[in-house]
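In: 3D model of this:
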Amino acid sequence: MRDKIDDLIPNAHDIQKEAAVKQAEKADEYARRAAAVEAEKKALIERLSKPSGLTEEEKIKLASTVIQRAVRNGLAEVQVYRFPNTLCTDKGRAINQMEPGWENTLTGIPKEIYQLWADYLQPRGYRIRYQIIDFSGGVPGDIGIVIAWGN
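Out: The predicted structure follows:
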């Protein structure tokens, strides 16, 4: 009877070892996934910090398409882009404080969008707004770019 009980009810010490191994495996998997997510995020930020590679004509056509779609949906403004604050040289501080010259902190694609607006949209009456749209943990995070044409 004793042998049958030992087969049915394992030793507590053995179970603790098995549970520790399982927890270590889960921790390793979590660490691998976290590292993969971080690497993906870093690669995305690296890509976004560089020019898009689009021609001026392609940028204008893309802007036109986005604006016309928003107008068809009855909107007077549209968020055209969202990016991490790390694409600003000051992590979005000047944008958050609405300081003059905030546009000089932009890099990569966010800078391209600003330049497209300044060159082509502003002269046609469009407005642009860069604003912090995410305050994760109480600190500035992602920044949204809104193009507006209504009152």
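
In: Using CSV, list the CA coordinates for the lowest-mean-pLDDT helix or strand in the chain.
Out: Ranked by mean pLDDT, DSSP states H and E, the weakest helix or strand in the chain is helix 2-8, scoring a mean of 73. Output of helix 2-8 as CSV, limited to C-alpha atoms (Å, rounded to 0.1, in the frame of the first residue of the first chain):
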residue,chain,number,x,y,z
ARG,A,2,2.9,2.4,0.8
ASP,A,3,4.3,2.0,-2.7
LYS,A,4,0.9,2.8,-4.3
ILE,A,5,0.6,6.0,-2.2
ASP,A,6,4.1,7.1,-3.2
ASP,A,7,3.1,6.6,-6.8
LEU,A,8,-0.1,8.7,-6.3
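
In: I'd like the next helix or strand past it.
Out: Tracing the chain past helix 2-8, the next element assigned as helix or strand by DSSP states H and E is helix 12-48.

In: low pLDDT regions in the protein?
Out: For the chain, applying pLDDT under 70 flags the ranges 1-3, 37-45, 47-49.

In: domain ranges for this structure?
Out: 2-48, 56-148 (automatic domain parsing).

In: which one of those is the most hemmed in?
Out: Ranked by mean neighbour count under mean count of other CB atoms under 10 Å, these are led by domain 56-148, which reaches a mean of 15. Backbone N, C-alpha and C define where each C-beta goes, glycine included.

In: now do the same end-to-end measure for that one.
Out: Taking CA to CA, to the nearest Å, the first and last residues of domain 56-148 lie 21 Å apart.

In: Hmm, Ile133 is touching Ile143, no?
Out: Yes: look at Ile133 against Ile143 with CB atoms under 8 Å: they come within range, at 6.6 Å.

In: overlap in contacts of those two?
Out: Residues within reach of Ile133 and of Ile143 at once, by CB atoms under 8 Å, 6 or more residues apart in numbering, are Arg82.
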